[in-house]
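> with the sequence up front, the predicted model follows.
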Amino acid sequence: MEFRIAKVEFLRGLRLAQGIADRKSTMPMLANVLLRTQGKNQLLVAATDLNVSLTAELKSTNASEGGITLGAKNLHELIANAPGDEITLKKADNHWAEIKSGKVTYRIVGMPDRDFPKVPDHREATYATLESAVLREMIDRTLFSVCNDETRFHLNGVFFESDGSKSRLVSTDGHRLSKVERTLANGPKLSAGVIIPKKGLLEIKKVLEQGPSCKLAIKTPHLFLVQEDIAIAVKLIDAQFPPYDQVIPKEHTKVITVDRLRFIDALRRAQLMSSETRGVKVAATKDGMTITSDNPDLGEVREELEAEFNSDAIAIGFNPKYVVELLGQMTSDQITISLGVELDPGLIRPLIGDDYLGVVMPMRI
């Protein structure tokens with residue numbers, strides 16, 4: 001096997017592949033990237049950790065056919081630091097590879113391509129075309145509230161529902177929930193929702209940055225996303241997502257309206273004086289909002305904010321980190337916090353628009 005390829009083109013595939021290759025696996029092959037020439041003008045670059053797989057079909061000039069696997073991270077660093085604009089790679093005896101760029105020649109050890117795991121075939125799925133920016137925004141607005149506790153694997157991803165016109169992403173870690181909904185022309189039509197794992201979504205986000213539109217398909221047990229010459233396959237989580245709609249308050253009538261950025265700044269200041277067990281106290285009256293926090297080891301803080309409130313005085317405790325992360329995904333100037341009785345969850349959403357919301361469980365104060 002021998003091929004010649006532009007450095008920038010090679011790096012485009014290697015950057016994505018090395019993020020998926022699993023260096024911690026007990027299977028050494030999973031730390032490698034597959035390189036295989038296809039015809040005279042195409043190089044296949046592939047990586048997998050058995051749950052997330054990526055293929056990139058790059059433009060190359062091939063002198064001979066064949067394949068090899070090389071350490072993904074090492075290869076990426078070598079190519080990134082190569083002096084020339086063009087790379088020549090040739091397979092040598094005993095699965096070694098010779099790489100030339102400018103006046104530099106590397107020789108690195110590899111493994112046979114025949115031992116590389118088979119990646120899911122994305123070509124047999126039925127696709128819907130979506131705007132990359134819209135899908136990326138939906139992922140950003142839910143990824144932060146995914147549960148990281150691996151014993152609760154049914155919460156280790158984002159729940160995806162779509163009826164062909166409206167698509168919805170939901171995530172929760174048991175302490176907070178975020179939900180975003182978009183009207184997508186010609187969106188995918190699913191008979192039931194699926195759970196997309198967090199790592200898969202992180203890698204999908206990288207692929208979405210490659211162009212303005214993408215193609216998406218669900219073919220159990222995988223989600224496929226194609227961005228021109230790059231395809232990613234993500235193994236879905238085989239579990240039942242909890243009935244999230246039951247958690248979203250429907251009858252909260254006590255509503256605080258406050259400037260989003262000022263609220264974020266006040267929460268961050270209060271967080272400096274809070275503890276993980278006590279949180280931050282948010283109190284509201286018709287005269288405005290007061291945010292207080294205290295820590296026996298540090299001291300206390302009290303800050304008043306202008307806000308509108310439609311009811312009698314109320315106070316609730318929140319983990320400030322959860323609220324700040326949620327508000328950071330909103331863009332509106334004003335937000336509303338809808339409250340019920342003590343220890344009811346708080347419903348937070350933009351003042352204008354109904355396509356995004358968050359639910360935050362309270363803390364005792």
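Here it is on my side, so go on. Residues are numbered from 1 along each chain as shown.

> C-alpha from now on. contacts and neighbour counts both.
Fine.

> can you tell me how far the residue lying closest to Asp163 once chain neighbours are set aside sits from Ile204?
Distances taken as Cα to Cα, 6 or more residues apart in numbering put Lys189 closest to Asp163, at 4.5 Å, once the chain neighbours are dropped. According to Cα to Cα, to the nearest Å, Lys189 stands 19 Å off from Ile204.

> try Val255
37 Å.

> neighbour count winner among these two?
More neighbours surround Ile204 than the other of Val255 and Ile204, with 25 against 19 (other Cα atoms under 10 Å).

> how's the protein carved up into domains?
2-115, 128-245, 248-360 (automatic domain parsing).

> who wins for proximity to His122 among those?
domain 128-245 (6.2 Å; Cα to Cα).

> how far off centre is the closest one?
8 Å (Cα atoms, centre = their mean, to the nearest Å).

> just the element for Leu89, please.
In this assignment (DSSP states H and E), Leu89 forms part of strand 86-91.

> circling back to that earlier point, how many neighbouring residues does the residue nearest to Asp163 have?
Residues near Lys189, counting by other Cα under 10 Å: 18.

> show the contacting residues for it.
Contacts for Lys189 (Cα atoms under 8 Å, 6 or more residues apart in numbering) come out as 162-165.

> and with 10 Å instead?
Shown in contact with Lys189 (Cα atoms under 10 Å, 6 or more residues apart in numbering): 127-128, 161-167, 217-218.

> same question, Leu357
Leu357 neighbours (Cα under 10 Å, 6+ apart): 141-142, 170, 177-181, 248, 326-327, 329-330, 336, 347-350.

> do Glu228 as well
Contacts of Glu228 by Cα under 10 Å, 6+ apart are 56-57, 207, 210-211, 213-215.

> restricted to helices, list the residues you listed.
Here DSSP state H is the test, and the contacts of Glu228 give Val207 as lying in helices.

> if I look at the residue nearest to Asp163, how far off is Ile139?
Taken as Cα to Cα, the span from Lys189 to Ile139 is 18 Å.

> and the contacts of Glu228, which two are the farthest apart?
Pairwise over those, using Cα to Cα, the maximum falls at Glu57 and Ser213, 17.6 Å.

> tell me the spacing between Glu86 and Ile79.
In terms of Cα to Cα, Glu86 sits 10 Å off from Ile79.

> who touches both of these two?
Common neighbours of Glu86 and Ile79 (Cα under 10 Å, 6+ apart) are 7-8, 10, 100-101.

> out of the residues you listed, who's the most crowded?
Highest count within the shared contacts of Glu86 and Ile79 by other Cα under 10 Å belongs to Phe10, 22 neighbours.

> from the chain's centroid, how far away is the host helix or strand of that residue?
Phe10 belongs to helix 7-20 when assigned by DSSP H and E. Put simply, helix 7-20 sits 19 Å off its chain's centre (Cα atoms, centre = their mean).

> now do stretch 281-300
On Cα atoms, centre = their mean, the centre of stretch 281-300 falls 33 Å from the chain's centre.

> which parts of that stretch are buried?
Of the residues in stretch 281-300, 281-285, 288-295 count as buried by neighbour count, 16 or more other Cα atoms under 10 Å.

> likewise stretch 60-70?
For stretch 60-70, by 16+ other Cα under 10 Å, it's 60-62, 67-70.

> got the end-to-end distance for that stretch?
End-to-end span of stretch 60-70 (Cα to Cα): 18 Å.

> ok so, going back, among the contacts of Lys189, which are in strands?
128, 161-162, 166-167, 217-218 (DSSP state E).

> JSON lines for the residues you listed, including pLDDT?
Shown next, in JSON lines, are the ones in strands among the contacts of Lys189 (pLDDT from 0 to 100):
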{"residue": "Ala128", "pLDDT": "94"}
{"residue": "Glu161", "pLDDT": "97"}
{"residue": "Ser162", "pLDDT": "94"}
{"residue": "Lys166", "pLDDT": "92"}
{"residue": "Ser167", "pLDDT": "95"}
{"residue": "Ala217", "pLDDT": "96"}
{"residue": "Ile218", "pLDDT": "96"}
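
> could you identify the buried members of the residues you listed?
128, 161-162, 166-167, 217-218.

> I'd like the residues you listed laid out as CSV, including distance to Asp115.
What follows is those, written out as CSV (distance: Cα to Cα, whole Å):
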residue, distance to Asp115
Ala128, 33
Glu161, 36
Ser162, 37
Lys166, 42
Ser167, 39
Ala217, 28
Ile218, 27
